[in-house]
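Student: Got a predicted model here, sequence first, then my questions.
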Amino acid sequence: MRPDASLEGLSLDTLAIHAGQPPDPTSGAVMTPIVLASTFAQDGPGHHKGYEYSRSGNPTRHALEVCLAALEGGEHGLSFSSGLGATTTLLHTLAPGDHILCGDDVYGGTFRLLDKVMKPMGLAYTMIDLRDLDRVRAAIRPETRLLWMETPTNPMLKVFDIAALAALTAAAGVMLVVDNTFATPVLQRPLDLGATAVVHSATKYLNGHSDVVGGAVVTSDPALAERLRFLQNALGAVPSPFDCYLILRGLKTLGVRVRQQCASAAAIASRLEGHAKVLRVNYPGLASHPEHALAARQMRAPGAMISLELAGGLEAAVGFLKRLQLFACAESLGGVESLAEHPAIMTHASVPEPARRALGITDGFVRLSVGLEAEADLWSDIERALAG
Ligand code: PLP
């Protein structure tokens, strides 16, 4: 693609390969160069070519940020050193005394940030089940500034109505931020549905190869973008140019990866549902999922994350995780390799009891991230591990 070529009207798969990534004008290199320089020469004080110091801006990071914005259909993309770095920076747009409404089922680290870091700094929060719109409306206070949500949620895979929550928050002058890590822009674009901003742990599907920790925010709100750009530099949670390159490289295959992973996950979820040793399967693509109809309307496919409750509690769950051979027992998700984990002991240990159990994160509860291995091989692995 020529540097001046328009991105107008291009589909996500094309944008992932070309947005922000024209051939390098100096060499013609078709892959975005990794610019490792920490500082940039100026013709004279204040006369630079757009870059001064790599914390404030870097060409490789810029390419990634343009691409991220294009994929989410936003005007402004910002990248960070981790998903939590992105979240921390976004929460710094608030001030002491402000109130946050937060979906009751979020990544444990997001909860820990709100509870152990932001609350002592004067930000109040309320965790709430976002399926009940009347309760959400009633929970909005005069000082509520932000509604934070994931959909599908981690790890219960609840699905929330982004457009309905966007209408409700807009009417109250509250920002709606959607953590789109699980769905990715391949399956849903929250900004198109009225969200103020989208957040990602780029560590997951965006990078897709489990070799980078990274984060992102995309918004079309110019005032929010300006404040975020200031905070990105002032707080300093920026990604390295090499990590930006790796995420850009991963993004090129985002569409094919996510579509294939969804197809395998859908097949595995329906087989799990019929298995004698499985008490319950959470997967938005199953007719038994409470928000199945909403997921079908809101998402292009139901995702590649599955959570399930095994009969036999902790012993059964730990045995299952130890017996799996292709699924590695590991935190994280969204890579080409399949992963399995125990949320109560691993990713959600920071959510205190009894809230954890009330959500359904019990001792027999396991989360699967379905990767790109052949679906038949993955199912054989699961069947063998369930058999004991
Ligand atoms: N959001 C979700 C949904 C996550 O699953 C995670 C991490 O697992 C994060 C945010 C935090 O991202 P990171 O680990 O890149 O800081």
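Tutor: Thanks, I have the structure now.

Student: buried stuff in the helix or strand of the chain with the lowest mean pLDDT?
Tutor: Least confident helix or strand of the chain, by mean pLDDT, DSSP states H and E, is helix 355-359 with a mean of 85. Judged by neighbour count using 16 or more other CB atoms under 10 Å, the buried positions of helix 355-359 are 356, 359. C-beta coordinates here come from the backbone N, C-alpha and C atoms, glycine included.

Student: following it, which helix or strand comes up?
Tutor: strand 365-369 (DSSP states H and E).

Student: What is that following strand packed up against?
Tutor: Using 3 or more CB pairs under 8 Å, 6 or more residues apart in numbering; DSSP states H and E as the contact criterion, the elements in contact with strand 365-369 are strand 305-310, helix 313-323, strand 339-341.

Student: which non-adjacent residue is nearest the closest residue to the ligand within the stretch 51-200 of the chain?
Tutor: Nearest residue of the stretch 51-200 of the chain to the ligand, counting by CB to the nearest ligand atom: Gly83, 2.3 Å away. Computed as CB to CB, 6 or more residues apart in numbering, the closest residue to Gly83 that is not its neighbour in sequence is Ser201, at 2.8 Å.

Student: now swap in Arg145 and tell me
Tutor: When the adjacent residues along the chain are set aside, Arg145 lies closest to Asp98, with 4.5 Å between them (CB to CB, 6+ apart).

Student: still on that earlier bit, same list (the helices and strands packed on strand 365-369) but as JSON lines, adding mean pLDDT.
Tutor: Putting these into JSON lines (pLDDT from 0 to 100) gives the following:
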{"stretch": "strand 305-310", "mean pLDDT": "98"}
{"stretch": "helix 313-323", "mean pLDDT": "97"}
{"stretch": "strand 339-341", "mean pLDDT": "98"}
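
Student: wait, isn't Arg229 in contact with Leu78?
Tutor: Yes: at 6.6 Å, Arg229 and Leu78 qualify as touching, with contact defined as CB atoms under 8 Å.

Student: Which residues of the stretch 51-200 of the chain lie near the ligand?
Tutor: Listed as neighbours of the ligand in the stretch 51-200 of the chain under the rule CB under 6 Å from any ligand atom: 82-84, 107, 109-110, 150, 154, 179, 181-182.

Student: can you redo the helices and strands packed on strand 365-369 as CSV with distance to the ligand and mean neighbour count?
Tutor: As requested, the helices and strands packed on strand 365-369 are exported to CSV (distance: least, CB to the nearest ligand atom, whole Å; neighbours: other CB atoms under 10 Å):
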stretch, distance to the ligand, mean neighbour count
strand 305-310, 9, 24
helix 313-323, 18, 17
strand 339-341, 10, 23
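
Student: Can you tell me which of those is nearest to Ala349?
Tutor: Nearest to Ala349, of all these, is strand 339-341, at 11.0 Å by CB to CB.

Student: What ranges does the stretch 201-350 of the chain have for its strands?
Tutor: In order along the chain, the stretch 201-350 of the chain carries the following strands (DSSP state E, counting those that start in this stretch): 215-219, 278-282, 305-310, 328-329, 339-341.

Student: Could you tell me how far the shortest one lies from the centre of the chain?
Tutor: The chain centre lies 20 Å from the centre of strand 328-329; the measure is CA atoms, centre = their mean, to the nearest Å.

Student: For stretch 346-360, give me every contacting residue.
Tutor: With contact meaning CB atoms under 8 Å, 6 or more residues apart in numbering, stretch 346-360 is reached by 104-105, 107-109, 111-112, 127, 154-156, 309, 331, 341, 344, 361, 367.

Student: Give me the distance between the two termini of it.
Tutor: Using CA to CA, to the nearest Å, the gap from the first to the last residue of stretch 346-360 comes to 15 Å.

Student: what does stretch 156-170 give?
Tutor: Between the opening and closing residues of stretch 156-170 lies a distance of 27 Å (CA to CA).

Student: remind me which residues of the protein are low pLDDT?
Tutor: Within the chain, the stretches with pLDDT under 70 are 1-5.

Student: in what helix or strand does the residue most central in space within it lie?
Tutor: Among the residues of the chain, the one closest to the centroid is Thr181, at 1.4 Å (CA atoms, centre = their mean). Under the criterion DSSP H and E, no helix or strand holds Thr181.

Student: Against the ligand, how distant is the closest residue in space to it that isn't next to it in sequence?
Tutor: On the basis of CB to CB, 6+ apart, the spatially nearest residue to Thr181 that is not a chain neighbour turns out to be Ser201, at 4.6 Å. According to CB to the nearest ligand atom, to the nearest Å, Ser201 stands 3 Å off from the ligand.

Student: Kindly report the same for Pro354.
Tutor: The spacing between Pro354 and the ligand, counted by CB to the nearest ligand atom, is 22 Å.

Student: begin at 15 from here
Tutor: Okay, using 15 as the starting number, the last item reads as Pro368.

Student: could you measure that residue against Met170, distance?
Tutor: Distance of Pro368 to Met170, computed by CB to CB, to the nearest Å: 15 Å.

Student: More neighbours: the two, which one.
Tutor: When Pro368 and Met170 are compared for neighbours, Met170 comes out ahead with 18 against 7, by other CB atoms under 10 Å.

Student: quick one: secondary structure of the closest residue in space to Gly71 that isn't next to it in sequence?
Tutor: If you skip the residues right next to it in sequence, Gly71 has Tyr65 as its closest partner in space, 5.1 Å away by CB to CB, 6+ apart. In the three-state summary, Tyr65 is assigned as coil, counting by DSSP: H, G, I helix; E, B strand; the rest coil.
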